[in-house]
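Visitor: could you work out the structure for the sequence below:
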Amino acid sequence: MTFGRIRSLIESDQVLALGEALKLLTPQQCKETAPELVAYEKVHRSESRWTHRETLAVAGAGLLPNASTLTPWLVRYHIWHHRTSPHDGTAVVLDVLRHRQLTWLPDLVARLARMPTRELTRRDLLRVILEFCGDTPPDTDGFLLHFLDFGGHTRWRPEFDALVPRMLEVVGAGVIFANVRQWRLFLRDRAPRPVLLDGVLARLQQGGSAREMEGFLALHEVLQVTPDEVAEHARDYVAMLPDSRSTVATLAQQQLKSLDEAGKLDFDLLCEASRWVFARSEKKLVRTQLTWLGKHGNRPDEVALTTAELFAHESDDLRGQAVKLVGKLLAKVSPATRAEIVTLAEQLPPDLAARLGGVTVAEDVVELAAFAPRPFPEPIATLDELTRELLGLFGRNAGPVEAVVAERIVEAVVRFGWQDRIALGRAMQPVYAKQPWLAQRSMPIYHRDYVKREPRTELMEIISVVGDLPRPVGPLGLAVAFAREWRTQLKRSRAGRISEQLALRLHEIAEGLQHAPRPALVSTPTWMSGLLDADTLLERLAKAEAEGWEPWQRDLKQAFHRLPRDVRPDAFASLSGRPGQQLRRWLEVRVDPSVVAVERTYTVGRYSSHEGECSALLATVEPGLPAPEDLYRGYDEWGPMIECWPAALPAHRDVVAAWLVPHLRHRLDSKGDDGPLLPLLAEADGPVGPGLTLALAYGLGAELTVNRAYAVDALLVLASRSQLDGAALGTLLGRCSTAATPCWAAWSRRCATPPLRAARPVWDVVVAALPQLWTHNRVADLVELAVELAQQLTPGGTVPGLAEVAARKGTSKAVVQAKRLAAVLQ
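Guide: Prediction:
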């Protein structure tokens, strides 16, 4: 049989016929035909590698001479099979391999067993391994995860018993145990109980993702661990307490508590477990441990000293409970223990330390560092550096494009494109090879009726067009039609005016690179905030004027928007050309839009979790944004490139913040990472008005921890610049109290004990917010913060509504903290 016949069967996708034809070949014929198959596959892979995958896999199984050649071949040509498929390609591969009676099948099994673990989709490779592994199954992570994920318990053989310890070790097994109840029951009944229990406890100590731990917790529950087993593994449960997930620590606490109630837990081990729990942040765990420990009043010295570990906890509420327990034991402890407790009480706030007869040691005052603008990085120096930056945009872990990255790439592309366009094209080839869609640019052409033009699509367009040499514009009619169609696609994105202006600027650069290149951009910032020094812009425009070229119009407009607010038209009086004249005219008529925080009512569609009529505190901009509720659902995290918005209008940060307010409110119950949006706005220029203040309020209540941390960073930057209006922020925080996440509960310790220079503005925030929040179920967190600030500042005065709350009966956290605040303010 000639290779031409085999090729025709491959290209006609006749899987069964190809398998039968290959079985008719002798070993010598296979050896002679294999090189032709390899040469054909290389050409096929470069042209249309996604076709004829099944038949190519079968052909490789029937012809290739060794495991080292066949392994990457089978990995490359994935056989997808569904029950409705007319044939089973993997079964044909197995049949062909069995027929060849190869001596190197064990080597093939070992190589295939090193399959990837990131995506568990290779059922075809798993079937090959199970067919030929015999009595020695592999124990690699890839094989085990595929075996677990594809119902390995239904394919179990006695020789697989040795795999149980490794199954428990491999990262990812817990997720499968969480999803597949049958695996948990199967292992309980099949595996030796000591091996299974040891493996589960080891993985719970090791930790992992929440879903991973959920699987091993479920497996632990299925085991129904006995009290004797808990006693035998008591130290294993203690080892779970320091830094494991809260669900794991809760399990360990429950097991040890039940053991203690049965009288089988050593008291020293209880004290050790308590110290580990007291170092955790979860209040429920700490309270449970404190109550449990308090039941051992017959050991007052040990209990008091162990409880005193809580004196250094971040929560004043928990520290107060610890002081209450220690106070009850003081009369029973020895003099040495009492002296040690008084020493440890120096870590407490003054009012709590006084209950134990101690005095708080004043902490060193931390001064807030003066604000220093960050200079913009040096430009990209070489084509190799540009290639590395571009490849970094598209890595597996790549995220939204940061403003500094985008600006440096665009500036370098324009500069290198003018200096040597051919060399730039060569430098782009590794990028095009890695991301071939960049060179094809087929989406806007073949899907023009629904494609959206956004800043990111235009940035990709810039990267795409520089691979070709500049060319004339072409017929005027076609150019006009393209411009109209492009505008339609731009409006389709509906991301707001700032996004549109950014897309228009990048589109102008892409078109200019194709038809009218320029030696350089004039709008590249000089500061990380996006601001551009007037002297630097004057130098760039003077150089362009001397060399006889003009910057692109939108590039010049972007440079104008990046000038500081105190720049006057006469700063560019020395420029005689058209760009200088245009810049002076813009500076003469520059005005600030009006930004107002208002309550807006709007209707949410039926597919939203908040269906019906809703209201939200948003910011309007006049002119520009009369109906911010239209943008309420938040911006796309990639397309509009909101990370670049602060740098697009750095002298109008209140306006930018107003456009971001709907998105930041959306982040109250959305976990997307927006990066340092708020710190960039805090570093920029312009008034701190309702837009930025409201953006800060929503940022402090973001669901994602890193977004809240960025909001605190922005708050501290504004405080360091003496630009934080604490009273205005506190008022807006109070008005935002109906949001899904209470804003103040998100404040970290960095804001609870701020540097001295920032403490006063933060106190103003708290005092303005509290009167509106006394009835909120989370107000105790804010009152606790107020107590720490009041002890630091001793401001005196009072807070509206505080006396009424402090006079209430009961021991709720809000009442206890209100009493403390009232005492501090007296």
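
Visitor: show me what the strand or helix carrying Ala780 is packed against.
Guide: Assigned by DSSP states H and E, Ala780 belongs to helix 779-793. Under the contact criterion of 3 or more CB pairs under 8 Å, 6 or more residues apart in numbering; DSSP states H and E, helix 779-793 touches helix 316-329, helix 749-752, helix 756-769, helix 813-825. For glycine as for every other residue, the C-beta is placed from the backbone atoms N, C-alpha and C.

Visitor: pLDDT score for the residue nearest to Leu587 when sequence neighbours are not counted?
Guide: Once flanking residues are discounted, Leu587 sits nearest to Pro569: 4.3 Å by CB to CB, 6 or more residues apart in numbering. With respect to pLDDT, Pro569 scores 94.

Visitor: kindly report the same for the one 10 residues further on.
Guide: According to the prediction, Pro579 has pLDDT 93.

Visitor: just list the residues touching it, thanks.
Guide: For Pro579, the contacting residues are 522, 541, 544-545, 550-551, 556, by CB atoms under 8 Å, 6 or more residues apart in numbering.

Visitor: apply 10 Å and report the result again.
Guide: Shown in contact with Pro579 (CB atoms under 10 Å, 6 or more residues apart in numbering): 522, 540-541, 544-545, 549-551, 553, 555-556, 559, 572.

Visitor: in what helix or strand does Ala803 lie?
Guide: Ala803 belongs to helix 802-806 when assigned by DSSP H and E.

Visitor: using CSV, list the CA coordinates for that helix.
Guide: The C-alpha trace of helix 802-806 is given here as CSV (Å, rounded to 0.1, in the frame of the first residue of the first chain):
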residue,chain,number,x,y,z
LEU,A,802,-23.4,58.2,70.7
ALA,A,803,-24.9,58.9,74.2
GLU,A,804,-28.1,57.1,73.3
VAL,A,805,-26.3,54.0,72.0
ALA,A,806,-23.9,53.9,75.0
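
Visitor: picking up where we left off before, ok, of the helices and strands packed on helix 779-793, where does mean pLDDT dip lowest?
Guide: Averaging pLDDT over each of these puts helix 749-752 lowest, since it has a mean of 46.

Visitor: now the two most distant members of the contacts of Pro579.
Guide: Checked with CB to CB, the contacts of Pro579 reach their widest spread between Trp549 and Phe572, with 17.3 Å between them.

Visitor: just to revisit the earlier point, Asp95 is nearest to which of the helices and strands packed on helix 779-793?
Guide: helix 749-752 (65.2 Å).

Visitor: what about Trp549 and Phe572, which has more around it?
Guide: Phe572 (21 against 16; other CB atoms under 10 Å).

Visitor: relative to Ala520, how far out is that one?
Guide: Phe572 is 18 Å from Ala520, where distance means CB to CB, to the nearest Å.

Visitor: same check on Lys328?
Guide: Applying CB to CB to Lys328 and Ala520 gives a distance of 75 Å.

Visitor: these two: which has the busier surroundings?
Guide: Taking other CB under 10 Å, Lys328 and Ala520 do not tie; Ala520 has more neighbours (18 against 14).

Visitor: OK, contacts around that one?
Guide: 379, 411, 414-415, 418-419, 540, 543-544, 547, 549, 551, 555 are the contacts of Ala520 under CB under 10 Å, 6+ apart.

Visitor: what about 8 Å?
Guide: Ala520 neighbours (CB under 8 Å, 6+ apart): 411, 414-415, 418, 540, 544.

Visitor: in three-state terms, label it for me.
Guide: coil (DSSP: H, G, I helix; E, B strand; the rest coil).

Visitor: how close does the closest residue in space to Glu302 that isn't next to it in sequence get to Gln582?
Guide: Nearest residue to Glu302, sequence neighbours excluded (CB to CB, 6+ apart): Cys271, at 5.8 Å. Note on Cys271: its distance to Gln582, by CB to CB, is 76 Å.

Visitor: next one: Ser464
Guide: 30 Å.

Visitor: where in this structure is pLDDT low?
Guide: Within the chain, the segments meeting pLDDT under 70 span 117, 360-367, 396, 440-450, 604-612, 632-635, 737-757.

Visitor: buried set for the helix or strand hosting Pro72?
Guide: Using DSSP H and E, Pro72 maps to helix 67-76. For helix 67-76, the neighbour count (16 or more other CB atoms under 10 Å) marks 67, 70-71, 73-75 as buried.

Visitor: could you look up the SS state of the residue nearest to the spatial centre of the chain?
Guide: Closest to where the C-alpha atoms of the chain average out (CA atoms, centre = their mean) is Asp673, at 4.9 Å. Assigned with three-state DSSP, Asp673 falls in the coil class.

Visitor: would you agree Gly294 is in contact with Pro300?
Guide: No: using CB atoms under 8 Å, Gly294 makes no contact with Pro300, being 10.6 Å away.

Visitor: which helix runs longest in this structure?
Guide: For the chain, the longest helix by residue count, based on DSSP state H, is helix 27-48.

Visitor: helices or strands up against that helix?
Guide: On a contact count with 3+ CB pairs under 8 Å, 6+ apart, helix 27-48 meets helix 3-11, helix 53-63, helix 67-76.

Visitor: what's the closest of these to Gln321?
Guide: helix 67-76 (58.7 Å).

Visitor: check which helix or strand Ala619 maps to.
Guide: strand 612-622.

Visitor: list the buried ones in that strand?
Guide: 616-621.

Visitor: biggest separation within the residues you listed, which pair?
Guide: Largest pairwise distance in the buried residues of strand 612-622, by CB to CB, is 15.8 Å, between Ala616 and Val621.

Visitor: surely Val706 touches Asp673?
Guide: Yes: at 5.9 Å, Val706 counts as touching Asp673 under the criterion of CB under 8 Å.

Visitor: quick one: the helices in the stretch 601-750 of the chain?
Guide: For the stretch 601-750 of the chain, helices defined by DSSP state H, counting those that start in this stretch occupy the ranges 645-648, 653-666, 677-683, 690-700, 705-720, 726-735, 749-752.

Visitor: this completes my enquiry, with thanks.
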